[in-house]
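S.K.: Have a look; sequence and predicted model below, questions after that.
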Amino acid sequence: MLYGGYQHNIDKKGRLAIPSKLREQFGESFMICRGIYGKRCLCVYSTENWEKLVEKIGNLPNAKASVVKRFLYDGAFNVEFDTQGRILIPASLREYANLCEDAHIIGMDTNLEIWNTKLWEEENALCSPESIAEIVETLDF
């Protein structure tokens, strides 16, 4: 399970260090792509979870699956960690997510999200303890 929030810098070459606690769960190669949840962030998936996502998208009606595939696959890249635990974020993805100097990395259970720190702070400010409580109440926990 991936969890936690981490603040890291992006170097001039577009490399971002991923905390070792999170790296352990990804193996040698994995996928990075544009976020598919309506936010300007990036998502990182293990090969196993990427394959599960692809399978679920394939179960959509053809017209919807095609739209999602075009959006997702056009900005999807197979990446690996370098010897220092960094990933190279392709320029097109850095531009999409407005990643320049710093990033906020969030473990989201089965994947990671990588955000521009300022955008993350704005997004996170939209959530109040009360709004989260309303959602959690629907879980009947």
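M.R.: On my side now, so go ahead. Since we're looking at a predicted model, the values are computed, not measured.

S.K.: mind checking how far the residue nearest in space to the middle of the chain is from residue 27?
M.R.: The structure's the chain has its C-alpha centroid closest to residue 43; by C-alpha atoms, centre = their mean the separation is 1.9 Å. For residue 43, the distance to residue 27 equals 16 Å [C-beta to C-beta, to the nearest Å]. Yep, even glycine has a C-beta here, placed from its N, CA and C like the rest.

S.K.: same thing with residue 78?
M.R.: For residue 78 relative to residue 27 (C-beta to C-beta), the value is 12 Å.

S.K.: And for residue 121?
M.R.: Counting by C-beta to C-beta - residue 121 and residue 27 are separated by 31 Å.

S.K.: again with residue 104
M.R.: 23 Å.

S.K.: more crowded one of those two?
M.R.: residue 104 (21 against 12; other C-beta atoms under 10 Å).

S.K.: doesn't residue 64 fall inside a strand?
M.R.: No: using DSSP: H, G, I helix; E, B strand; the rest coil, the assignment for residue 64 is helix, not a strand.

S.K.: what's the neighbour count on it?
M.R.: 10.

S.K.: How about the contacts made by it?
M.R.: Shown in contact with residue 64 (C-beta atoms under 8 Å, 6 or more residues apart in numbering): no residues.

S.K.: now it: how far from residue 70?
M.R.: 11 Å.

S.K.: try residue 27
M.R.: Counting by C-beta to C-beta, the gap from residue 27 to residue 70 is 27 Å.

S.K.: cool, and residue 93?
M.R.: 16 Å.
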